[in-house]
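K.L.:
following is a predicted model, sequence given first.
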Amino acid sequence: MRAEKQLITKEYVARLNASPFAVVVDYQGLTVGQFTQLRSQLRTEGAEVHVVKNSILRVAAQEVGLPDLGTLTGQLAVVTGQKDISAAAKVLKKFQKNSDKPKLKFGFLNNQRLDTEALLALADLPSMNVLRATLLGLLQAPASKLVRLMNTPAAQLARVLQAYADKTAQPASAG
């Protein structure tokens, strides 16, 4: 392999090692403007997209220890990032809905291969912040119920004592 190809392969190996996920898309048919728009939308979600030669992607994936990529055909780009695969998949799905491109091929999440259906399912998940808020709410609910239950007998006792105090404070009526 030529020196420049080795350098590019090392760059892709570093990129794949730094990212917990990778999504391979076929970008054929996208204009430069559309590709730039896609790149910008992915950047806002903490992801990036890079065009890669199929042979270089195959060698880099092998060096990283990803499972066999199968047959690679077409003009491929790889989406990687540091944050959330779900957010990147959402951007890709939304972009594909508007322009029918890029075509999702497959992906990897922690070296586990994901097919197109799995990537689309990830795109339909709520964002990480929504999931965290939901989990926090679920964790806090039992604690707040416990506090209410523990306070109920004390509150009932306080009401009984107040009623007794009100009753004894009233002057006895002549009868």
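P.N.:
Looks like it arrived, so ask away.
K.L.:
skipping adjacent residues, who's closest to residue 88 in space?
P.N.:
residue 47 (4.0 Å; Cβ to Cβ, 6 or more residues apart in numbering). Using the backbone N, CA and C atoms, a C-beta is placed for each residue, glycine as well.
K.L.:
ok, that neighbour touching residue 86?
P.N.:
No - Residue 47 is beyond contact range of residue 86, at 10.6 Å (criterion: Cβ atoms under 8 Å).
K.L.:
what about the two, which has more around it?
P.N.:
Shown here are residue 47 and residue 86; by other Cβ atoms under 10 Å, residue 47 has more neighbours (24 against 20).
K.L.:
show me the shaky parts of the protein.
P.N.:
The model of the chain has pLDDT under 70 over residues 1, 146, 149-151, 154, 157, 171-175.
K.L.:
so which residues of it form helices?
P.N.:
With DSSP state H, the ranges of helices along the chain come out as 3-18, 32-44, 54-64, 85-99, 116-123, 128-169.
K.L.:
give the buried residues for the second one.
P.N.:
In terms of neighbour count (16 or more other Cβ atoms under 10 Å), helix 32-44 has its buried residues at 34, 35, 38, 41, 42.
K.L.:
what's the farthest-apart pair in those residues?
P.N.:
Longest distance between any two of the buried residues of helix 32-44 is 12.5 Å, between 34 and 42; criterion Cβ to Cβ.
K.L.:
picking that back up, of all the helices of the chain, which one is nearest residue 109?
P.N.:
When those are compared (using Cβ to Cβ), the closest one is helix 85-99, at 5.6 Å.
K.L.:
what packs against the closest one?
P.N.:
strand 21-26, helix 32-44, strand 47-51, strand 76-81, strand 103-109, helix 116-123 (3 or more Cβ pairs under 8 Å, 6 or more residues apart in numbering; DSSP states H and E).
K.L.:
that older thread, as TSV, the helices of the chain with distance to residue 70 would be great.
P.N.:
What follows is the helices of the chain, written out as TSV (distance: least, Cβ to Cβ, whole Å):
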stretch	distance to residue 70
helix 3-18	17
helix 32-44	24
helix 54-64	10
helix 85-99	20
helix 116-123	13
helix 128-169	30
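K.L.:
of all those helices, which one is nearest residue 79?
P.N.:
Of all the helices of the chain, helix 85-99 comes closest under Cβ to Cβ, at 5.4 Å.
K.L.:
identify all contacting residues around the closest one.
P.N.:
20-21, 23, 25, 30, 34, 37-38, 41-42, 45-47, 79, 81, 101-104, 107, 109, 119-120, 122-123, 125, 127-128 (Cβ atoms under 8 Å, 6 or more residues apart in numbering).
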